[in-house]
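> Attaching a predicted model along with its sequence, questions to come.
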Protein chains: 2
Amino acid sequence: MVKGLDEKSEALPDHVGWRLWQANRAWQGEFAAAMRAAGHAWFSDARAGLIGHIARAGTRQVALIERMAISKQAVQQLLDGLEAEGVVERLPDPDDGRGKLVRYTPKGLAALRDGDRIKREIEQRWIGCIGQARFAALMDALRALDAGLHPET
Amino acid sequence: MVKGLDEKSEALPDHVGWRLWQANRAWQGEFAAAMRAAGHAWFSDARAGLIGHIARAGTRQVALIERMAISKQAVQQLLDGLEAEGVVERLPDPDDGRGKLVRYTPKGLAALRDGDRIKREIEQRWIGCIGQARFAALMDALRALDAGLHPET
DNA sequence: CCATATAGTCAAGCATCTTGACCATCTCGC
DNA sequence: GCGAGATGGTCAAGATGCTTGACTATATGG
């Protein structure tokens, strides 16, 4: 309360929600910037979330809808975009005439490899920032939180 | 690897970025739902971020722009919305003919009070979920991360 | 007093997500 | 079998939140 805050400022917010938002934003910003720098200009935050859930062997569209917490139409529009960019392709599901399988194209697989590398690089940078122990504690707490808030399965 | 994953699934993503995204989404979802349930129907995630940075005594618009990491036009549109809802008001800055001061209306202050209460409630729920120690470790790691990634000031 | 920087506004457009309506296919009870 | 309802996917329209570009008004410094 004594330091450099001018008379019009109060303390900046400092609660879990704010910190989580900050950290999430930092991650997404670094990741997307690195992906675009690596030549994947089509990359965006929203697409990143979806891509993380497509298995190498192909994933049914409805499975993606269940895992993301957004409407099926939103997933479809994201997939439309990724298909137009040539990152994924949609094939009929041999086991279900209604379903479609979403699968990476070679271009998508290349992006996936770069993504893995970038992910590790950012993690290393963060570990360098806050130390191995704190980073482990962070992951532990976040995993526990997820398990605690979504007790299904 | 043995359990219920069918042959088309691989492991779900489990890295900091994903976990952060999940936790952030959970927080925003719970907070916004509680705020709307408390009668603040105008509440949204984007507005929440902005509101957290408006001091009780009023804050200059340009200061908000600096603290949020978005364009000044985006801030302005958010403020337009909040002003139309009667949550904040804009007054000329007595010290600078160009500037404007953003200040809460009584309606905005009421929302702020409810927000504080809801914030504490969610925190308590989360602490109940993962334990006091893990929660403290989470906050510690997130603060350290912010300090490490934005070393200014 | 003019040049430049700063604070804010207006306008147009893009990306993401939503709801509602719809069609095709599968599954289950009879 | 077969019809009813559930499920997987698509089309269309619209809201929100953000962007860039162009502009006005005020402040500041040589």
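In hand now; what should we look at? What you are looking at is a predicted structure, and each value in this text was computed from that prediction instead of being measured. Numbers count the residues shown, from 1 in each chain, chains lettered A, B, ... in the order given.
> Give me the contact status of stretch A:23-30 with chain B.
Yes - using Cβ under 8 Å from any Cβ of the partner chain, stretch A:23-30 reaches chain B at A:Ala23, A:Asn24, A:Arg25, A:Ala26, A:Trp27, A:Gln28. Quick note: C-beta positions are derived from backbone N, CA and C, even for glycine.
> Get me the contact residues on chain A for DNA strand D.
Neighbours of DNA strand D within chain A, by Cβ under 7 Å from any atom of the strand: A:60-62, A:65, A:72-73, A:76, A:79, A:90, A:93, A:96, A:98-100.
> Only alpha carbons, please: show whichever helix or strand A:Ala23 is part of as CSV.
Following DSSP states H and E, the helix or strand that holds A:Ala23 is helix A:16-37. Extracted in CSV, the C-alpha atoms of helix A:16-37 (Å, rounded to 0.1, in the frame of the first residue of the first chain):
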residue,chain,number,x,y,z
VAL,A,16,-6.9,-17.8,-8.7
GLY,A,17,-9.2,-16.8,-11.5
TRP,A,18,-7.1,-13.9,-12.5
ARG,A,19,-3.8,-15.8,-12.2
LEU,A,20,-5.2,-18.7,-14.2
TRP,A,21,-6.4,-16.4,-16.9
GLN,A,22,-2.9,-14.8,-17.1
ALA,A,23,-1.1,-18.1,-17.2
ASN,A,24,-3.4,-19.5,-19.8
ARG,A,25,-3.1,-16.4,-21.9
ALA,A,26,0.7,-16.6,-21.6
TRP,A,27,0.8,-20.2,-22.7
GLN,A,28,-1.6,-19.7,-25.6
GLY,A,29,0.3,-16.6,-26.8
GLU,A,30,3.7,-18.3,-26.7
PHE,A,31,2.5,-21.4,-28.3
ALA,A,32,0.6,-19.8,-31.1
ALA,A,33,3.5,-17.4,-31.8
ALA,A,34,6.0,-20.2,-32.0
MET,A,35,3.7,-22.3,-34.3
ARG,A,36,3.2,-19.4,-36.7
ALA,A,37,6.9,-18.7,-36.6
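> Name the residues of the worst-scoring helix or strand of chain A on mean pLDDT that are buried.
Ranked by mean pLDDT, DSSP states H and E, the weakest helix or strand in chain A is helix A:16-37, scoring a mean of 90. Buried residues in helix A:16-37, counted by 16 or more other Cβ atoms under 10 Å in any protein chain shown: A:16-24, A:26-28, A:30-32, A:34-35.
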